[in-house]
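Enquirer: here are the coordinates; sequence isn't available:
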C-alpha cells in the first residue's frame with residue numbers, strides 16, 4: 001500500500017499494510033501534519049482518502065481508516081523469530097512496489113527518539129538486516145510464511161551492513177486495539 005500526502009508544503013510518501021478491512025498501518029512520521037492523506041493499493045490503484053484513527057509518536061505508528069479499501073489483510077505473526085528469513089515490502093524512493101530480502105533480528109528495549117526526532121523515549125525496536133530505503137517507512141517486514149513480523153520505520157545509519165528497524169507486533173497490536181479515532185496527526189515531521 002503506497003501512502004501519500006503533503007505537510008508543510010512538501011509531498012510525503014511512504015508505505016503501509018492492510019491490518020483488517022479498511023484499516024492500514026503505517027508510520028506516524030509518514031502522515032504527520034497531513035490533512036490530505038491518500039492510499040494507493042498496489043501503488044497504482046485509485047487514490048483512496050484516509051484519515052488517522054490512531055497516532056502514536058513515541059512508537060512511530062499511525063493507523064488509518066480507508067473507506068472503500070478492499071483487498072486482503074496481512075496476517076500478523078505472534079512473534080518475530082530472530083534469524084528468520086524475511087522481506088521488506090514497500091515503495092522505496094517513491095517508486096514501484098519492491099520486495100527486498102531481509103533477516104529478522106532481535107527485539108530490544110532501547111532509548112531512542114520519537115517520530116519527530118525528539119527524545120529520549122524508551123521503546124521496543126525489532127532490528128533487521130536488509131536494505132531499507134526512504135519510502136519503505138510504514139511497510140511490513142514479512143516472514144517466510146507471509147505474516148507481518150514488524151512495521152519498518154528506519155534504516156540503520158551506524159553500521160556498514162545494511163539494516164533497519166521495525167516496530168514489533170506487540171506494540172502494533174496494542175495501538176490497533178485502541179484505534180477508534182479520528183485523531184489529529186500533529187505538526188509535520190522534520
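Expert: Cool, got the structure. None of the values given here were measured: they were computed from a predicted structure.
Enquirer: only C-alpha atoms for contact and neighbour calcs from this point on.
Expert: OK.
Enquirer: now the strands: where do they sit in this structure?
Expert: Here the chain has its strands, by DSSP state E, at 2-7, 10-15, 17-20, 23-26, 38-40, 48-56, 61-66, 85-90, 98-112, 121-130, 140-143, 148-155, 163-168.
Enquirer: what is the mean pLDDT for the shortest one?
Expert: Average pLDDT, strand 38-40: 97.
Enquirer: Given it, what are its sheet partners and their directions?
Expert: Paired strands of strand 38-40, with direction, are strand 2-7 (antiparallel), strand 48-56 (antiparallel) (DSSP bridges).
Enquirer: chain center to that strand, what's the gap?
Expert: Distance, stretch centre to chain centre, for strand 38-40: 14 Å (C-alpha atoms, centre = their mean, to the nearest Å).
Enquirer: So for the longest helix anywhere in the chain, what gets flagged as buried?
Expert: Counting by DSSP state H, the longest helix found in the chain is helix 169-177. Under the neighbour-count criterion of 16 or more other C-alpha atoms under 10 Å, helix 169-177 has 169, 171-172, 175-176 buried.
Enquirer: The spatially most central residue of the chain and residue 165, how far apart?
Expert: Centrality entry for the chain: nearest residue to the mean C-alpha point is residue 138, 1.7 Å, by C-alpha atoms, centre = their mean. Counting by C-alpha to C-alpha, to the nearest Å, the separation of residue 138 from residue 165 is 11 Å.
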